[in-house]
Structure formats: structure tokens, C-alpha cells
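Here is a sequence together with a model predicted from it:
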Amino acid sequence: MRFGLFVIFLLLFLLFSNFTESQEITLQCFVATSCSYTDVFHISDIEDAHAEMNSQNNYPYKVCCRLSNGMNINVAERQSNGIIGFSYTTNAHAEMGNQSNYEYRIEMIPESGEIICELSYSCASYNTCLVSISDETDAHLGDCETNPYQRKICCSFGGLDITINSNSTKVEYGSDFKIYGRTFKAGIPFANAPVIVELDGKTECNMNTNASGEYECHIKSPKRIDNLNITATVFDQINMKSKTTSIQVKTYISYGYEKDKSDVVCVERPKIIQNEDGTIDIVMFNLCLWK
């Protein structure tokens, strides 16, 4: 009986664990007078406020953030970019992270993954609203509920992601093939995102994704028998970040084809030759049979 109960409890535990791990990780931020979670920075009031770094203790309101899975978030100072910038360590005006007027900047860094923050008029497509902000720079701040500014700093857990595929993992010497994939930002398809596809470090395609975050690049195989190293990189110009993924495609030589001409049948055959400079070329010759 005890063994049976033990098995039941074990199965329930495993089921609960798998269910918990499968849940999407989300970021939650709020303004309060005390932080039980990560203290990101402080503001002087819940509206029309100045700001200060979290190392200061002059203001009563704290901007607090946490991840739904309990993962730790570190707050680090940055010389550029970040989620927000301040004109001073306290009594500061604020600006968006993609601006470059202020010296004091911060970034939220989780134990794994990324946190992205952007300026938007609605945070409906994001996990949370960090604060509202009066302008992109030289700005005052407010919370997201009391009397918020129209502009908001919206944040989500999850950074850039890009997939890469080929219509074939083995292509004929000198033939065309296709590289394609999809981009995401914080789990959402990343539309109109710049993508560069490179073959052995040389740019083959420079494009933007479509409305579904998809990209497509057509490449002509170089004249060599080799494993081709192909990378695709997506760029997030707002957050000044990029993500690269890669794939290998192998090239090969075909063995020609038959030509029927009355009493003559010819087979075209390729022959690989090495030039004096070490490069490899291919020449074709015909092998013909008569009746």
C-alpha cells in the first residue's frame, strides 16, 4: 500500500515538474515603495518624476521586476545602449536606451536568456510595462497606471532568435539553391528585420523579413567541391543586438548525361583539374559509342 502511494506521489511530482517547466517565462514589472524582487531603479513620484540609479536612496518609489520562473535578474551599468539612460545618478532626466545623450545607463541581465525593452504606445504585445516616459530623451517618468505618459517602455523576456534551412543539404557544383528561415524577437515573429546571409564570410543576400518574420535567399554554388559554411544574422536596430545561426551545405559533381544522336550515343563526363595556382576547375569531355 505504501509503495503504491509512493508511486502515485512520484508520478504527480513528475507531472507537475514537466508542467511547470513547459510554462512560458514572462517578465513582470511594477512600481512600489519596496522591492521583494529586483530593484531596477528609483523614481521621485508615480507621475512627472525624476529618476535615480538603484545605488541611490533619495526617492521613495522603486521600479521592481521579476521573472515568472524565479530566475535571478542582475542590473548592470552600461556605457552605451541598455534599457534606459539617466543624466545623473540621481535627480536625473531619462532617455530611451537607444539614445546616446546621457552617461548613466542600465541593463537588466537574467541568468539565462535576454530581456528586451522598447518604446511603444501600447505594451499589449509585450510582457510588461516598465515605466511611462514623456519623450525619447530629456524626459520625466511615471508609472504605467496612475497617470501614465502616452509613451511607454515595454519589456519582455526573450531575445532575438533566427532559424536557417536549405532546400537541400547537398547541391550540384555550380547550381542554385535556397536558404530560408524565420526570425523572432521575444518569441514574436520579427517583421521588417534586417537579415544578412553569408557564404564563407561573403555576403550573398541583404534583406528585410516579411510580415511573418520570414526571409529567403537564393545562392549559386561556387565552383568547388567542399562543405559550404552559410550563416544568417538578424539585427535588432532598436536594442543594438544581433543573433547569428549557421548551416552547412555540401557540393558535388554530377556524372553527365546521355545524348542520343542516331547511331551515336555520347556521355558527357566531368574531369577535375588543379591549376598552377592551386585552384580547382572542372573540364568536360564526351565519351561516344558507335553501333
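Perfect, I can see it now. Residues are numbered from 1 along each chain as shown.

Residue 141 pairs with what?
residue 49, residue 133 (DSSP bridges).

which ones are touching the residue nearest to the spatial centre of the chain?
For the chain, the residue nearest the mean C-alpha position is residue 160 (1.4 Å; C-alpha atoms, centre = their mean). Going by C-beta atoms under 8 Å, 6 or more residues apart in numbering, residue 160 touches 114, 183, 184, 185, 190, 234, 236, 241, 242, 243. Where C-beta positions appear, they are placed from N, C-alpha and C, glycine not excepted.

who are the neighbours in contact with residue 126?
With contact set as C-beta under 8 Å, 6+ apart, residue 126 has these partners: 118, 120, 154, 155, 156, 186.

I misspoke; the intended subject was residue 140.
Taking C-beta under 8 Å, 6+ apart as the test, what residue 140 contacts is 48, 49, 50, 93, 94, 133, 134, 149.

PyMOL command to pick out the buried ones of the residues you listed?
The buried residues among the contacts of residue 140 can be selected in PyMOL (16 or more other C-beta atoms under 10 Å) with this line:
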select buried, resi 49+50+93+94+133+134+149
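
List just the nearest of the contacts of residue 140 to residue 217.
residue 133 (37.9 Å; C-beta to C-beta).

Which positions in stretch 205-225 come out as buried?
Result for stretch 205-225 [16+ other C-beta under 10 Å]: buried residues 205, 209, 213, 214, 215, 216, 217, 219, 221.

Now, the residues you listed that are in helices?
The helices, defined by DSSP state H, take in nothing from those.

Pick out the most distant pair among these.
213 and 221 (26.9 Å).

hang on, the earlier thing: what residues are bridge-paired with the residue nearest to the centre of the chain?
Beta bridges link residue 160 to residue 185, judged by DSSP bridges.

How much space separates it from residue 231?
14 Å (C-beta to C-beta, to the nearest Å).

Any idea how many residues pack against residue 111?
11 (other C-beta atoms under 10 Å).

wait, I meant residue 288
11.

so it is in which element?
strand 280-290 (DSSP states H and E).

rewinding a little: tell me the one of the contacts of residue 140 nearest residue 86?
Closest to residue 86, out of all of the contacts of residue 140 and judged by C-beta to C-beta, is residue 94, at 5.8 Å.

wouldn't residue 65 be in contact with residue 130 here?
Yes - using C-beta atoms under 8 Å, residue 65 is in contact with residue 130, at 7.4 Å.

Which of these two has more residues huddled nearby?
residue 130 (28 against 24).

Would you agree that one is in contact with residue 153?
Yes - counting by C-beta under 8 Å, residue 130 does reach residue 153; the two are 4.3 Å apart.

what do the two both touch?
Common neighbours of residue 130 and residue 153 (C-beta under 8 Å, 6+ apart) are 83, 84, 117.

Check those residues for burial and list the buried ones.
Once neighbours are counted (16+ other C-beta under 10 Å), the buried part of the shared contacts of residue 130 and residue 153 comes down to 83, 84, 117.

Three-state assignment for the last one, please.
Yep, that's residue 117 we're talking about. strand (DSSP: H, G, I helix; E, B strand; the rest coil).

how about JSON lines for the shared contacts of residue 130 and residue 153, with distance to residue 170 and pLDDT added?
Below are these laid out as JSON lines (distance: C-beta to C-beta, whole Å; pLDDT from 0 to 100):
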{"residue": "83", "distance to residue 170": "45", "pLDDT": "93"}
{"residue": "84", "distance to residue 170": "49", "pLDDT": "96"}
{"residue": "117", "distance to residue 170": "43", "pLDDT": "92"}
